[in-house]
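Asks: Here you go, sequence then predicted model.
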Amino acid sequence: MRAEDAIYTLRLASGADDLRAAQRLRYRVFVQELGASGPMVDHDQGIESDQFDAVSDHLLLIDNRIDPVMGNHVVGAYRLLPGDRLAPGAPFYSETEYDLGPLRRSGRRLLELGRSCVHPDHRGGTGMFHLWNGLAEYVLERGIEVMFGTASFHGTDVPALAMPLSWLGHHHMAPPEMRVRALPPNRVDLAVVPAADLDRAAAMAAMPALIKAYLRLGGCVGDGAWIDRDFNTTDVCLVMDTGRMSARHRDFYIRKKGQP
């Protein structure tokens, strides 16, 4: 085990203190760093939360060097909402932005991903690697068939994002049976730059790391982007058939767990 790996523990939140620490990290990243605002932000408590937190699992990256009593032991977080956790007729968070009808009608086991964040002091190392592999393990153990969720470009200047958005629209559109659709009035089209005028290098340079990671695992995007002015982001909805992800991770977990 590398020394950096020994710093971390990865686990699901186990109580109110863990959840509050994750919400505090989200405030640090989404509000203080990226400029989010709106009713989900509590500046007095220094937390970012909403009604979906209570019904979700929260995958946490813990810095073992920090006493949990301090309340800042969570340095990475991923919110996971299995479809069977929702009450009948209740929406996913993403349905404020996207029509998820194709996924809901599929009858497949769904998992919504959201609020992915890592403290700036823990970026660029193994932190996100741990979270990604924890997500893969969660998916495999629960038999999740499709995972989806919004991922963001910072800012709402759509013309400035035209190249990466158009690259997604031309090269990574979800198949019709999985193609969720951005809702008006905040919807914008993706493929505004003609395919012949695309610059792959420029598109990839402007693509957030999280979105590139989804694409490498076989993810695709829904029809249209959605302007989230509360969070100061331009969102795309990423969708992935987890069979592709599972194939890439199964050997890793067999080795990790020492199975024959």
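Replies: Perfect, thanks for sending it.

Asks: what pairs with the residue most central in space within the chain across the strands?
Replies: Per C-alpha atoms, centre = their mean, the C-alpha nearest to the average position across the chain is that of Gly114, at 4.2 Å. Bridge pairing for Gly114 (DSSP bridges) gives the partners Arg79.

Asks: which residues does it contact?
Replies: Contact partners of Gly114, counting by C-beta atoms under 8 Å, 6 or more residues apart in numbering, are Phe52, Ser56, Tyr78, Arg79, Leu81, Tyr93, Ser94, Gly149, Thr150. (C-beta placed from N, C-alpha, C; glycine too.)

Asks: so which of those comes closest to Pro159?
Replies: Lowest distance from Pro159 to the contacts of Gly114 (C-beta to C-beta) belongs to Thr150, with 20.6 Å.

Asks: who does the closest one bridge with?
Replies: On the basis of DSSP bridges, Thr150 is bridged to Cys237.

Asks: Test my guess that it contacts Phe92.
Replies: No. Using C-beta atoms under 8 Å, Thr150 makes no contact with Phe92, being 10.2 Å away.

Asks: ok so, going back, need the pLDDT of the residue nearest to the centre of the chain.
Replies: Here, the pLDDT recorded for Gly114 equals 94.

Asks: Helices of the stretch 1-150 of the chain, start to end?
Replies: 3-6, 16-26, 101-105, 127-142 (DSSP state H, counting those that start in this stretch).

Asks: For the residue nearest to the centre of the chain, give its distance to Leu25.
Replies: Note on Gly114: its distance to Leu25, by C-beta to C-beta, to the nearest Å, is 14 Å.

Asks: Asp18 too?
Replies: To Leu25, Asp18 is 11 Å away according to C-beta to C-beta.

Asks: Overlap in contacts, the two.
Replies: Contacts common to Asp18 and Leu25, judged by C-beta under 8 Å, 6+ apart, are Val74.

Asks: Mind checking which of those two has more residues around it?
Replies: The neighbour comparison of Asp18 against Leu25 (other C-beta atoms under 10 Å) goes to Leu25, with 24 against 20.

Asks: And for the nearest residue to Asp63 once chain neighbours are set aside, the neighbour number?
Replies: Leaving aside its sequence neighbours, Asp63 sits nearest to Val75 (C-beta to C-beta, 6 or more residues apart in numbering; 4.7 Å). When neighbours are defined as other C-beta under 10 Å, Val75 has 24 of them.

Asks: what stretches of the chain score poorly on pLDDT?
Replies: Along the chain, segments meeting pLDDT under 70 span 1-5, 245-260.

Asks: And the strands in it, which stretches?
Replies: In the chain, the strands defined using DSSP state E lie at 8-12, 41-42, 47-48, 57-63, 74-82, 98-99, 110-118, 146-154, 181-182, 187-188, 220-221, 225-228, 233-241.

Asks: Minimum distance to His170: which of those strands has it?
Replies: Across those, closest to His170 is strand 220-221 (C-beta to C-beta), at 10.7 Å.

Asks: tell me which strands and helices that closest one is in contact with?
Replies: strand 233-241 (3 or more C-beta pairs under 8 Å, 6 or more residues apart in numbering; DSSP states H and E).

Asks: orientation of the strand it packs on relative to strand 146-154 in degrees?
Replies: Counting by axes from the mean of the first three to the mean of the last three C-alpha atoms, to 10 degrees, strand 233-241 lies at 160 degrees to strand 146-154.

Asks: Pipe the strands of the chain into TSV and attach distance to Arg200 per row.
Replies: Converted to TSV, those look like this (distance: least, C-beta to C-beta, whole Å):
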stretch	distance to Arg200
strand 8-12	34
strand 41-42	37
strand 47-48	35
strand 57-63	32
strand 74-82	29
strand 98-99	26
strand 110-118	25
strand 146-154	17
strand 181-182	24
strand 187-188	21
strand 220-221	16
strand 225-228	19
strand 233-241	17
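
Asks: and of those, who's closest to Leu198?
Replies: Taking the strands of the chain one by one with C-beta to C-beta, strand 220-221 is closest: 15.1 Å.

Asks: What are the contacting residues of the closest one?
Replies: Residues outside strand 220-221 that contact it (C-beta under 8 Å, 6+ apart): 168-169, 172-175, 178, 190, 236-240.
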